[in-house]
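S.K.: Sequence and predicted structure, then a few things I'm wondering about:
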Amino acid sequence: MLDSASFRGIMDVAGDTRFLVETFMKLRTVILLIVLVALGIGVTLAAMLLHGGLSATATPTRLEALLARSARHLAIPENAREQHNPLAATADHVHDGMMHFADHCALCHANDGSGDSMIGHGLYPKPPNLRMPETQELSDGELFWIIQNGVRFTGMPSFAEHGKEDDWKLVLFVRHLPQLTAPERAEMERNNPKAPDDREEEQQEKKFLNGQQEKAKPKAP
């Protein structure tokens, strides 16, 4: 018969064996996840090359879009996702955000947030349609983090240097995009960045219109 010391020794060995087995199972799970991630990356790269080579004119596949959204979600810290906009959605704040968007963001995203712009068409991946649920369902904190930090391997730069208040106003305007009115869009077009030739043409048009108005004025008796 086993004495108590021998029994404890056997139990200790059994416990150590169980610990080693559990550790091995956990390690195997981690290795399996790493292999699956590597496989997913490999499949994505292969799909990119087969789909459009390295051309920026191609449209990302659904798999690429899904992996990109998942990677973006994982990249945003949880405490950042839980942030709430400290600014109220007043008319002035939304207007400030709109003017900032027209000057800095519309070049790629278009004034209405659709991404339907000359530069937007040439980017890979394409700018998302900011009016769609994929963007509108993001939390305020997620939108703010993306504006502040940008997104690697895309055309989205960081706007942290513009200041937190301006970026929170941009979040308010992104929320407003689905309700953008025609007069608001026209105001944005007047405030979009323009090349020197475009500004000169605009000035000439103004001078011409002012001249026509002067001619139309009735002469004093």
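M.R.: Yes, it's here.

S.K.: give me phi/psi at the residue nearest to residue 155 when sequence neighbours are not counted?
M.R.: In space, and not counting its chain neighbours, residue 155 is closest to residue 123: 4.2 Å by C-beta to C-beta, 6 or more residues apart in numbering. Heads up, the C-betas are built off the backbone N, CA and C, glycines and all. The phi/psi pair for residue 123 (degrees, to the nearest 10) reads phi -90, psi 160.

S.K.: Let me know the distance separating residue 123 from residue 117.
M.R.: Distance of residue 123 to residue 117, given as C-beta to C-beta, to the nearest Å: 9 Å.

S.K.: pLDDT score assigned to residue 219?
M.R.: Looking at residue 219, its pLDDT is 55.

S.K.: hang on, the earlier thing: show me the common contact partners of residue 123 and residue 117, please.
M.R.: Common contact partners of residue 123 and residue 117 (C-beta atoms under 8 Å, 6 or more residues apart in numbering): residue 108.

S.K.: Thought residue 153 was touching the residue nearest to residue 155, still the case?
M.R.: No. Residue 123 lies out of contact with residue 153 (C-beta atoms under 8 Å); the separation is 11.1 Å.

S.K.: Quick check on the two: which one has the bigger neighbour count.
M.R.: residue 123 (16 against 9; other C-beta atoms under 10 Å).

S.K.: what sits against that one?
M.R.: Residue 123 makes contacts with 56, 108, 154, 155, as judged by C-beta under 8 Å, 6+ apart.

S.K.: ok, now which ones touch the nearest residue to the third one once chain neighbours are set aside?
M.R.: Distance criterion C-beta to C-beta, 6+ apart; nearest residue to residue 154, sequence neighbours excluded, is residue 125 at 6.0 Å. Neighbour list for residue 125: 60, 64, 65, 68, 154 [criterion: C-beta under 8 Å, 6+ apart].
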